[in-house]
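Trainee: pasted the sequence and its predicted model underneath.
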Amino acid sequence: MRFKLLMLLCCGALAVSAQQNYLPLNRNIYNWYEPALNKPGTGFHTAIRPYRISDMDTVVTYDDVFHLKKVSGDGFFSKLWNWTAYDTILGVHKTEFHLRIDPIVNFGGGLNLENGGQGVWNNTRGIGFSGDIGEKRNVSFNITLRENQGKYPDYVTAFVKEYNVVPGQGKVRNFKGNAYDFANSSGYVSYNASKHFNFQLGHDKNFLGDGYRSMLLSDNAMFYPFFKITTSVWKIKYMNLYTEFDDAYNGTIDSVVGVTRKFGSFHYLSWDVFPWVQLGLFEGIVWPANDSTRYRGFDVNYINPIIFFRPIEFGLGSPDNAVIGANIKFTPLEKLIIYGQFIMDDLDVAAARAGDGYYRNKFGIQGGFKLYEPFKIKNLIVQAEMNQANPYTYASKEPVQNYAHYNQPLAHPLGANFREFIFIGNYRFFERFYLEAKLQSAVKGVDANNAEHNGGDIFTSDFEIPGFPDSYGNFIGQGLKTTIKSTDLRAGYLLNPSINLNIEGQIFIRNYKNDKDIISTTLVMLSLKTDLFNAYYDF
């Protein structure tokens, strides 16, 4: 209650203040801007996402990227083409008020060839409002509303049945027997108080890192309420993020029974060490709204803005779930970045010395690179990445305070007890045509039955670990060793860059295999969509 009251008070304060909007958190949109933002010496802190457009404009602008060429003339077809291919659908532009209204769609359909040609489809209709207030446009807002129905391939349907949520998008209810219906919304108000401080109050997602995945904080789970303070000074950018999460794992598909509130406090400090090196330090705390004796709500102690203050308390006996980590990016060449992450969820040095594979050695790492325009091929981006997390990472003795929101991990979609390799190639030609190929290969240890706990399920209590509290000999892939391989091929045309409206064809092949199950999926899809957020089905 105190947290909601704080958000309402902040919203009221922002309404009478004076900012600019954020770039939608979608990797395909970011690919257009990243070659310029990642050049050595720009000083742009690329790991804190989404990006504020006013910050980006100091390095690269919308017009720099898209080179728009409108059709001249006042005829009907000229106006219609410019309206649908370049402009916002409806706009109001006054000295102290700017408003744009745009449609949101995802109309897609196709076949799963591995299941007798089973049909799969998406049907999303929505609307987006965004704008600025004030002559200096220091206050901005963004609202998106979406109504969705969908029928998914078998492995996604199995996920929805177990976790009661469409990956990253929302809690569902049954629709016509074998499909699902769900609604979601996102939005924020952002106030740019000065060149040093920005305040954002919203219901959306955040992402920390330079990779395809994030081991620190990703946009894998669905939208959540948050209040964010971003401080920029000298070569440093510092983020304070306060959130409210839900644990709905005990609910059923057509109810909200079992939803439990929990809260999070996150700090991330990004430092431009050298023109070619950026270092980020991270901490996060997650705690339940209720403990065994009382309703805690939002603990005001966690408003503390100083990084690494609370993990010290955790080491002295705090019961809440603390994680710490780091992000690093090197730019040894103008068109090459090398990046990595490390996260530590728990550590007992004394106990770990007694043997290998101690369960409290909860670590995760990431390493990867991006190469822009290899072999001098313009608009080609090549990326390779490795991610892994030890068994039991992100889990907790009390499942409600695990590192998750609405039944999905806040970091990597595979949770823990996995090792993954990803290769991605993106190519853009003739300005608006694009190709993408993504290859994934992962090994994960899963539980053969409900009586097991091998460290891959972050929703199971640490008390269920075999041999707890003296569990040794743990390793990545333990349990029922499972391989996941996927190939995602896409080709499309960008119809309207203003709203990222694309027409896209896709072939998606996935193979899931262990000694108990073999699940194969081959999808052929065609879609018309405004692609404004990342949706992860490669798990």
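Mentor: Okay, I see it. Remember, predicted model here, so these are calculated numbers, not experimental data.
Trainee: in stretch 529-539, what's buried?
Mentor: Using 16 or more other C-beta atoms under 10 Å as the test for burial, stretch 529-539 gives 529-534, 536-539. Where you see a C-beta, it was placed from the backbone N, CA and C, and this is true even at glycine.
Trainee: thought residue 200 was touching residue 188?
Mentor: Yes: counting by C-beta atoms under 8 Å, residue 200 touches residue 188, with 5.5 Å between them.
Trainee: which residues do these two both contact?
Mentor: Taking C-beta atoms under 8 Å, 6 or more residues apart in numbering as the contact rule, residue 200 and residue 188 both touch residue 22.
Trainee: who's more crowded, these two?
Mentor: residue 200 (25 against 22; other C-beta atoms under 10 Å).
Trainee: and the helix or strand hosting the more buried one, what does it pack onto?
Mentor: Using DSSP states H and E, residue 200 maps to strand 197-204. Judged by 3 or more C-beta pairs under 8 Å, 6 or more residues apart in numbering; DSSP states H and E, the packing partners of strand 197-204 are helix 2-15, strand 179-192, strand 224-233.
Trainee: which residues does that strand contact?
Mentor: Residues outside strand 197-204 that contact it (C-beta under 8 Å, 6+ apart) are 7, 10-11, 14, 19, 22, 25, 52, 185-193, 223-232.
Trainee: so which residues of this structure form helices?
Mentor: Using DSSP state H, the helices found in the chain span residues 2-15, 27-37, 53-56, 62-66, 76-85, 154-163, 310-315, 349-352.
Trainee: gap between the fourth one and the chain center?
Mentor: Going back to what we said before, that points to helix 62-66. What separates the centre of helix 62-66 from the centre of its chain is 25 Å, taken as C-alpha atoms, centre = their mean, to the nearest Å.
Trainee: do me a favour and average the pLDDT over it.
Mentor: Per-region confidence: helix 62-66 scores 89 on mean pLDDT.
Trainee: which of the residues in it are buried?
Mentor: Of all the residues in helix 62-66, those buried under the rule 16+ other C-beta under 10 Å are residue 65.
Trainee: right, and residue 340 touches residue 385 too?
Mentor: No: Residue 340 is not in contact with residue 385 according to C-beta under 8 Å; the separation is 9.6 Å.
Trainee: so what sits against both of those two?
Mentor: 366-368.
Trainee: so which of those belong to strands?
Mentor: Counted as lying in strands by DSSP state E, out of those, are 366-368.
Trainee: export the residues you listed as CSV, with columns for distance to residue 492 and pLDDT.
Mentor: Converted to CSV, those look like this (distance: C-beta to C-beta, whole Å; pLDDT from 0 to 100):
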residue, distance to residue 492, pLDDT
366, 28, 98
367, 30, 98
368, 24, 98
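Trainee: out of these, who's the most crowded?
Mentor: In terms of neighbour count, residue 366 stands highest of these at 27 neighbours, by other C-beta under 10 Å.
Trainee: report the separation between that residue and residue 416.
Mentor: Counting by C-beta to C-beta, to the nearest Å, the gap from residue 366 to residue 416 is 14 Å.
Trainee: what do you get for residue 160?
Mentor: Relative to residue 416, residue 160 is positioned 21 Å away (C-beta to C-beta).
Trainee: shaky segments in the stretch 101-250 of the chain?
Mentor: Within the stretch 101-250 of the chain, the segments meeting pLDDT under 70 span 249-250.
Trainee: tell me who's in contact with the residue nearest to residue 348 when sequence neighbours are not counted.
Mentor: Nearest non-adjacent residue to residue 348, counting by C-beta to C-beta, 6 or more residues apart in numbering: residue 360, 4.5 Å away. Residues in contact with residue 360 (C-beta under 8 Å, 6+ apart) are 346-348, 351-352, 392.
Trainee: how far away is residue 360 from residue 281?
Mentor: Counting by C-beta to C-beta - residue 360 and residue 281 are separated by 22 Å.
Trainee: pLDDT of stretch 424-443, averaged?
Mentor: Taken as a whole, stretch 424-443 carries a mean pLDDT of 97.
Trainee: ugh, typo on my part, it should be stretch 26-40
Mentor: Across stretch 26-40, pLDDT averages out at 95.
Trainee: ok, now stretch 530-539?
Mentor: Stretch 530-539 carries an average pLDDT of 94.
Trainee: please apply the same query to stretch 70-89.
Mentor: 80.
Trainee: buried residues, it. List them.
Mentor: Within stretch 70-89, the residues that count as buried by 16+ other C-beta under 10 Å are 85-88.
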